[in-house]
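Undergrad: turn this into a model:
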Amino acid sequence: MAVGYNFHWRKHDHVRMSARSLGRDISLFSVQRPWTPPTVNVEGKVTYYDPGRIAAVRKRLKGVKKEAYLAGVLDRILGDATTDRERVASICGFVSDALYYNPIQQPQENHTGKLVLGAVELLELHDGRCGQGVVVTLALLKAAGIKCRKRDVFHHVTCEAWYDGDWHLADALMFGENQPEWNGAVVNVEYLQRHPYFADAFPLWCFAYTPEELLSADGYRLLGYCFGEWGTLPYYSWYMGGVEEYPPTLPTVLPPQRISDTVVRLRWTPSAKRNGGHVRYRVRVYSDRDRRNVFYDRQTPQTVLPWRVPETNRMYFIGVTAFDDHIRKNQRTWYPEAVGNFVLVPKEQYGWYGVL
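TA: Residues are numbered from 1 along each chain as shown. Alright, predicted model coming up:
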């Protein structure tokens, strides 16, 4: 029976399986020499990626023709695409969904970081980082007959595709289907190296990890050659020659406190900025879950704000965004929004409604 890509695979379920997946038998420190320093009290076996998963994938793929597998993917994802630009966008969107930018375990066979896995194997494993994303993206672009090339930039690797008479960025794991555009055209590496802060306006959801993804089974942080939460990796501009700078960490929206029958104190945790720097917050209260109808919008350097609730027994949705001075380099710099919700009810009402 022919083996093809499983289009019923769900990234959400895969990420949930990766959360708190490492038990006491696995070290809390992931080693990858020469970048990680030695530690003197490591407990548990040091492993970077489960070799059993790689072996199982290779066994399942034994005898499978790579060309037929990739052709099957393209037949499904290209659909009604009529131009090479549309085909590249579809391929980048697929790779972004098919590969989880795993903060803890990068699929490699040894601690040296040598990438020895092929595109089909990586698609079956569903884990990867920039190098693996490039392997898969280039394989699909070539299979689609689109001229493409790998691009090594500072502390990062990406690729470009040729269409409409020029090279265009195809950084699938970072940007997915929506690559950075200027005047309606997707830019390329040369453009970004001339204007390194331009791409900071485009979302990097692949780095906005949830806490569960970064913890061991017993609740400790995974350290070493690992990625942390938002704010532990630099702006994309750094890879293109910009100054090394880190965004503020994502705040956590706390339960509001009741001040009176109609006033609450909105609260959130302070954001930290690696290497220091000024941080301020944009606080919005929305009337809808999609956060489109704004009731209240204010910026503040504080982590609390009083707010008079227009109507009790109604749910409100809070969004808090941490900004820093990097926005001066690009006014459209992207910052993720932390969210929360509550209902203000009479004080004597029993139950939990998100207000203390």
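Undergrad: how about the secondary structure of His326?
TA: helix (DSSP: H, G, I helix; E, B strand; the rest coil).
Undergrad: doesn't Glu244 make contact with it?
TA: No: assessed by C-beta atoms under 8 Å, His326 is found out of contact with Glu244, at 11.4 Å. Using the backbone N, CA and C atoms, a C-beta is placed for each residue, glycine as well.
Undergrad: please identify which of these two sits among more neighbours.
TA: When neighbours are counted by other C-beta atoms under 10 Å, His326 and Glu244 differ, and His326 comes out ahead with 21 against 12.
Undergrad: just checking the distance from the strand or helix carrying Val134 to the centre of its chain.
TA: Assigned by DSSP states H and E, Val134 belongs to helix 130-143. Computed by C-alpha atoms, centre = their mean, to the nearest Å, the chain-centroid distance of helix 130-143 equals 18 Å.
Undergrad: got it, and stretch 193-209?
TA: How far stretch 193-209 lies from its chain's middle: 11 Å, per C-alpha atoms, centre = their mean.
Undergrad: same question, stretch 301-315
TA: Averaging C-alpha positions (C-alpha atoms, centre = their mean) puts stretch 301-315 30 Å from its chain's average.
Undergrad: name the residues that touch that stretch?
TA: Identification of contacts with stretch 301-315 by C-beta atoms under 8 Å, 6 or more residues apart in numbering yields 251, 256, 259, 261-270, 279-281, 283, 285, 287, 295-296, 298, 316, 341-346.
Undergrad: hmm, back to that, now the helix holding Val134: mean pLDDT?
TA: Average pLDDT, helix 130-143: 97.
Undergrad: which one is Val339 nearest to, not counting chain neighbours?
TA: Once flanking residues are discounted, Val339 sits nearest to Gly319: 5.3 Å by C-beta to C-beta, 6 or more residues apart in numbering.
Undergrad: I meant Gly79, not that one.
TA: Excluding its sequence neighbours, the residue lying closest to Gly79 (C-beta to C-beta, 6+ apart) is Ser90, at 7.1 Å.
Undergrad: per-domain residue ranges of this structure.
TA: Using automatic domain parsing, the domain ranges for the chain come out as 11-206, 253-343.
Undergrad: against Gly176, how distant is the spatially most central residue of the chain?
TA: The centre of the chain sits closest to Cys206, judged by C-alpha atoms, centre = their mean, with a distance of 1.2 Å. The gap separating Cys206 from Gly176 is 8 Å, by C-beta to C-beta, to the nearest Å.
Undergrad: swap in Arg221?
TA: Distance, Arg221 to Gly176, using C-beta to C-beta: 27 Å.
Undergrad: higher neighbour count, these two?
TA: More neighbours surround Gly176 than the other of Arg221 and Gly176, with 19 against 12 (other C-beta under 10 Å).
Undergrad: what sits against that one?
TA: Residues near Gly176 by C-beta under 8 Å, 6+ apart: 92-93, 95-97.
Undergrad: can you show me the helices along the chain?
TA: Per DSSP state H, the chain carries helices over the ranges 11-18, 51-60, 66-77, 84-98, 119-125, 130-143, 172-175, 189-194.
Undergrad: nearest to Ser237, out of the domains of the chain?
TA: If you check each of the domains of the chain against Ser237 by C-beta to C-beta, domain 11-206 wins as the nearest, at 4.2 Å.
Undergrad: circling back: hey, least reliable of the domains of the chain by pLDDT?
TA: domain 11-206 (a mean of 92).
Undergrad: how about Trp334, nearest residue that isn't a chain neighbour?
TA: Pro203 (5.0 Å).
Undergrad: go on, Tyr191?
TA: Closest residue to Tyr191 apart from its sequence neighbours, by C-beta to C-beta, 6+ apart: Trp182 at 7.0 Å.
Undergrad: tell me what the one you found is bridged to.
TA: Ala185 (DSSP bridges).
Undergrad: count of neighbours near it?
TA: Count around Trp182 with other C-beta under 10 Å applied: 11.
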